[in-house]
Structure formats: C-alpha cells, structure tokens
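K.L.:
A predicted structure for the sequence below; I have some questions about it.
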Amino acid sequence: MELLLSGYETTGNEPSNVIAHNLHTGTLIRTFRQSTPFPQAACSTKTHLLSFQRRRPQLNVHGFGKENLDQTIILPEVVISSAVSPCDSWLIGGTEKGSLYIWSILSGALIHAFRAHYQPLTHVSFSGDGMLAYTASNDGDINVWLMSSLVDRSNMAGLTGGSTIKPFKSLSGHKRAIVSVINGSGPSISSRLYTASEDSTVRVWDVSTGNLLTTIALNSMPSCMTVDPAERIIYVGNEKGLIWIPLYTNSTSLPENNYSTTKGATLPSSVPSAVGGMGRVVDANESKDAHTVSSSSPITTVALSFDASLIITGDKDGNVLVWDIVSRQVLRRLIQYPSPVTFLKCLIDKINFFTSVQNVFPVLKRMITDDYLYSDVNMMVHDDGVEALMQAPDILCLSSELMTHNTESGWRAKAESTEMELRETRRLFIELRGVHQALWEKYLQK
C-alpha cells in the first residue's frame, strides 16, 4: 500500500497535524497530531516523522506506530530545512543564519556545525547514494559537500573559530533565492542536479563536474518542483498551475550517410533527443512538448507516486489533489485544509508495519563533545596506501573523466568525431574504387 503524508502550516499558535491517506483509494489511515510541518523543514526516517518548528528551536518527533506526539527536542537554533540520508544514519538541518548541523541518528550526537552560506539555508538534501549533501540558500548558490568530509573529525577543530571544511563543488548562476533542489537518479559520479529559483529558471547540472548543462526559462516564478524518477519530465508548480517540461523530444530528422542497413530492418520514424545541453538556454514557453495545466489556486508543493503514474499537488487554498500523469486530469481530492499545504510525501506503508515495534528516536545533542566517538560503531582500518587512492574527491574526479562520454555533451562530441571518421573513410573508399576501376579498364585494353 502506498501512503501520502500531507500537512499544512497554521497561521496562529495552534499546532496542525500531518495526515496519512491511502494514495490510491483516498482512505484515511492515521493522523499525526501536533506535528505542524513547515515548508522544507519536515522529513522522515524509516520509523519516525520529523517536523522542525520555525517559531521556536524545537523538533517534534512522531513514531509511525502511534498518532500522538512521541517527543519534543530542543535545538541550538531554529532549523528551517532538513533532510535524512538514504541510509538513515545522518540528519542535516539548515538555519536562517546559514549554519549547517549534522547529527548522528544512531546516537543523537552532534557531529558537525558550521557556516555553510551567508544567507538562510532554504534547502538541504542528499544524493541517492548518500555520498554527497547539497545546500541551497537565498543567495542563489548551491554547495555540494562530501559527507566523508562533514563527519571527519579533523575538520571539527575549526568549530569554535571558523570551520576548515570546503565544499566539493559550488554551483552558481541563479540570480535569486532557490525554491527547490532535486537530485537525479543513480550514483553521485553520474547523477544530475535540478534546481529551481525565484529568477524564473530551472537549471540542470552535472554533479561530478559542476558544469551547467541546461537552463530552462519559465514565464513566471516557480514555487515548487519535482522530477520524474527516470528523469524524463520536470514538473514545476507556480501561481498559474502545473507545468510539464519534457527533457527529451522526438526528432523527425534521421542521421545522415545511412549507406546500408540490415536486410529486413526498418528505420525509426523519429529518434529521441535531449532538450538543451552544453549550457544552452531553452524557453519553456516556445517548446511544443511543454504543457501547462491550469489550477484554481497557486500550487505550493508537489510530489510523485512511487511508479510516477500519479502526481499530487497541494495549493494555497489547502486542496490536496491527485492527478493522472497521462490524461492530466484530477482523479480525486484527498482533503482540503484550512491553510496552504506545506508538506507532501509519498512512501510505502510503514505505519501498520511499525505499529507493534518500539523504536526510540535519540535526543539530539546541542553541543559537540567526544561522546560521539563512543556512541557509534567505529572501525580501525590498516593504512596500506590503498585508502589514499580511494578518497571520495579522487573517485568523483576520476569518474568524471572516465564517464565524460556518458554526458550529453560527451556523446555529442563522440558522435561528431565518429561522423567525421566515417566521412573520411567513405572518401578514401571512393578514391580507392576509382583507382581500382582505372586499373581494371587498363587491364581489359591489353
């Protein structure tokens, strides 16, 4: 069973709830009381729902097995964005002062805390393999951090007087605040990063190289974004509705110089081609494949189902709507909240599974101590020189060189090189055939 968690932000001091529905039937499953999910500040582990409060430095924790509030944890400062690593080992939180906090979920120990940006951290997230962490700010910049560096004890000496840690990559180009950051599928060495900004653009980045691949210009400022798991379509929400932006189009032009084909084989009438690439700017308004679905209320948040056949939107009027991807029609309205929807997340049914399981979420520490050295599992590895060759930065840089042709620009350059070689081969073949024909005619004259 696939569940949808949804919630809204209250305007007063009264707390709001997160409600779980069966995504496909609309049945109410459970209500998590007093969770109050704020935008970008709510996340979940495999066993708990975490809601950071923006009015006070506090974390509300709900176990999936019960409706009432499990515990409240006092934090060093107000956290406005949060994310949990794919392995459920690390919790990161961004603050209005631009600080980044890293906690161990296993023990609750505060591992690292430092100034990651000079302006509020609007978004934090992890790569699919948990190797990288992404932070985005109101300054329009996105920093890429190696998790191995964030949890490295040698980088903690500067916590009282300026951290020594530096980002692995810095992605700059947006002119205004970042509103959404989505990590593509696959390992970090070959994944893409999708960012949407208040400057009315969506940008696609190559993570390993930090290169800007494509800039998509929109006609209005986006409010939220999500990407198809297969990275075929970008879905952008704004004040007018929801925009479908395909990342691939069907090109009717076929490759030139098709000199021979296999007997009985048929050539396709069209071939898919990627949109943009090599830093190009694409206007979504001029794309014939882009579609806009109007909404009666501005879209505030968006999510996709597990198989990407359904898209769920939350709007300013409090409506949670389920859309069919193919027909672009509303299938059902799950609920209507009294305030704008701020939180949507699809997940496989964990609530019934963990009903009888007692999982205690650790209390998050507010200060860095040496206790974390004894709270988590530690392992000593003999340094035989192999570790120096397997550092994360070297892996990413080496992989980016080895996998250059896996990027669109690499494939295009390789295709152009192959086409030039093919033309030269054909020229030599024609020249050789002429010489052979002249020799044959001279032989016949004898």
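P.N.:
Here it is on my side, so go on. None of these values were measured; they are calculated from a predicted model. Residues are numbered from 1 along each chain as shown.

K.L.:
tell me the domain ranges of the protein?
P.N.:
2-375, 407-445 (automatic domain parsing).

K.L.:
ranking those by mean pLDDT, which is last?
P.N.:
Here the lowest mean pLDDT among those goes to domain 407-445, at a mean of 77.

K.L.:
okay, buried residues for stretch 281-294 please.
P.N.:
282, 284, 290, 292-293 (16 or more other Cβ atoms under 10 Å). (C-beta placed from N, C-alpha, C; glycine too.)

K.L.:
circling back to that earlier point, pick the most deeply packed of the domains of the chain.
P.N.:
Compared across the domains of the chain, domain 2-375 shows the largest average neighbour count, a mean of 18 (mean count of other Cβ atoms under 10 Å).

K.L.:
so residue 181 is in contact with residue 195, correct?
P.N.:
Yes: Residue 181 is within contact range of residue 195, at 5.4 Å (criterion: Cβ atoms under 8 Å).

K.L.:
what segments of the stretch 251-400 of the chain are strands?
P.N.:
271-274, 280-283, 291-294, 299-304, 310-315, 319-324, 330-336, 341-348 (DSSP state E, counting those that start in this stretch).

K.L.:
relative orientation of the longest one and strand 310-315 in degrees?
P.N.:
Angle between the axes of strand 341-348 and strand 310-315 is 160 degrees (criterion: axes from the mean of the first three to the mean of the last three Cα atoms, to 10 degrees).

K.L.:
re the thing from before, now for residue 181 and residue 195: what residues contact both?
P.N.:
136, 142 (Cβ atoms under 8 Å, 6 or more residues apart in numbering).

K.L.:
nearest to residue 426, of the strands of the stretch 251-400 of the chain?
P.N.:
strand 271-274 (21.7 Å; Cβ to Cβ).

K.L.:
partner strands of that closest one, parallel or antiparallel?
P.N.:
strand 248-251 (antiparallel) (DSSP bridges).

K.L.:
so what sits opposite the residue lying closest to residue 184 once chain neighbours are set aside in the bridge?
P.N.:
Leaving aside its sequence neighbours, residue 184 sits nearest to residue 192 (Cβ to Cβ, 6 or more residues apart in numbering; 3.9 Å). For residue 192, the beta-bridge partners are residue 206 (DSSP bridges).

K.L.:
returning to what we had before: for residue 237, find the nearest of the strands of the stretch 251-400 of the chain.
P.N.:
Using Cβ to Cβ, the strands of the stretch 251-400 of the chain put strand 299-304 closest to residue 237, at 3.1 Å.

K.L.:
tell me who's in contact with residue 188.
P.N.:
Contacts of residue 188 (Cβ under 8 Å, 6+ apart): 127-129, 131-132, 207-208, 396.

K.L.:
make it 7 Å
P.N.:
127, 129, 131-132, 207-208, 396 (Cβ atoms under 7 Å, 6 or more residues apart in numbering).

K.L.:
just these now: which is nearest residue 314?
P.N.:
residue 127 (25.8 Å).

K.L.:
leaving out chain neighbours, which residue sits closest to that closest one?
P.N.:
In space, residue 127 is closest to residue 188, 4.6 Å off (Cβ to Cβ, 6+ apart).

K.L.:
can you check residue 54 too?
P.N.:
residue 38 (4.6 Å).

K.L.:
what's the answer for residue 167, then?
P.N.:
Closest to residue 167 by Cβ to Cβ, 6+ apart is residue 143, at 4.0 Å.

K.L.:
any idea how far the one you found is from residue 179?
P.N.:
Distance from residue 143 to residue 179, counting by Cβ to Cβ, to the nearest Å: 17 Å.

K.L.:
next: residue 88.
P.N.:
For residue 88, the distance to residue 179 - Cβ to Cβ - is 27 Å.

K.L.:
now residue 215
P.N.:
Residue 215 is 15 Å from residue 179, by Cβ to Cβ.

K.L.:
enumerate every residue touching residue 147.
P.N.:
Residue 147 neighbours (Cβ under 7 Å, 6+ apart): 90, 130-133.

K.L.:
now with 8 Å?
P.N.:
85, 90, 126, 130-133.

K.L.:
ramachandran angles for it?
P.N.:
Per-residue torsions, residue 147: phi -60, psi -30 (degrees, to the nearest 10).

K.L.:
okay, helices next: where are they in the stretch 101-250 of the chain?
P.N.:
147-150 (DSSP state H, counting those that start in this stretch).

K.L.:
swap that for the stretch 301-446 of the chain, please
P.N.:
372-375, 386-389, 392-402, 408-445.

K.L.:
pretty sure residue 330 contacts residue 315?
P.N.:
No: counting by Cβ under 8 Å, residue 330 does not reach residue 315; the two are 11.5 Å apart.

K.L.:
shared neighbours of those two, anything?
P.N.:
Joint contacts of residue 330 and residue 315 (Cβ under 8 Å, 6+ apart) are residue 321.

K.L.:
any chance you could list what contacts stretch 308-315?
P.N.:
In contact with stretch 308-315 (Cβ under 8 Å, 6+ apart) are residues 4, 6, 8, 23, 226, 228-230, 235, 237, 242, 295-305, 319-326, 331, 334, 340-344, 346.
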